[in-house]
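Asks: This is a predicted model, with the sequence first.
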Amino acid sequence: MAVTLEATKAELIKELEARGFITKGDHQMNDAFMEAIAAAMKTVINRDAKANVTSGSSAGQWSIL
């Protein structure tokens with residue numbers, strides 16, 4: 001599963017709009033805010049992603065990246 005900043009930012013903005021947030025206008029700052037959140041999410045997901053192999057000679061927890 002690839003996590004991209006643009007796709008994550010777009011999804012965050014879509015979720016905000018669904019909850020009544022105003023995301024467009026002269027003084028909006030949501031693009032930079034959502035980009036920062038998306039970047040943090042990508043870092044955490046990439047850093048912490050593990051595959052749990054429960055049996056066999058490869059049993060254990062393995063980094064996905």
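Replies: Yep, that arrived. Numbering: from 1, shown residues only.
Asks: what about Glu11, distance to Gln61?
Replies: 28 Å (CB to CB, to the nearest Å). Glycine gets a C-beta too; all of them are placed from N, C-alpha and C.
Asks: Those two - which one has more neighbours?
Replies: Glu11 (12 against 9; other CB atoms under 10 Å).
Asks: Hmm, Glu17 and Asn30 touching each other?
Replies: No - applying CB atoms under 8 Å, one finds Asn30 not in contact with Glu17, separated by 9.6 Å.
Asks: Secondary structure element holding the residue nearest to the spatial centre of the chain?
Replies: For the chain, the residue sitting closest to the mean C-alpha position, by CA atoms, centre = their mean, is Met41 at 4.0 Å. According to DSSP states H and E, Met41 maps onto helix 30-48.
Asks: strands paired with whichever helix or strand comes after that helix, and their directions?
Replies: Using DSSP H and E, the helix or strand that directly follows helix 30-48 along the chain is strand 50-53. Sheet pairing here is set by DSSP bridges, and for strand 50-53 it gives strand 60-63 (antiparallel).
Asks: what stretches of the protein score poorly on pLDDT?
Replies: Residue ranges of the chain with pLDDT under 70: 1-2.
Asks: before we move on, back to that, please work out which residues outside the helix holding Met41 touch it.
Replies: Contacts with helix 30-48, where a contact means CB atoms under 8 Å, 6 or more residues apart in numbering, come from Val3, Thr4, Leu5, Glu6, Thr8, Lys9, Leu12, Ile13, Leu16, Phe21, Thr23, Leu65.
Asks: 10 Å instead?
Replies: Helix 30-48 is contacted by residues 1-13, 15-17, 21-24, 63-65 when judged by CB atoms under 10 Å, 6 or more residues apart in numbering.
Asks: In helices only, show me those.
Replies: Residues of the contacts of helix 30-48 located in helices (DSSP state H): Leu5, Glu6, Ala7, Thr8, Lys9, Ala10, Glu11, Leu12, Ile13, Glu15, Leu16, Glu17.
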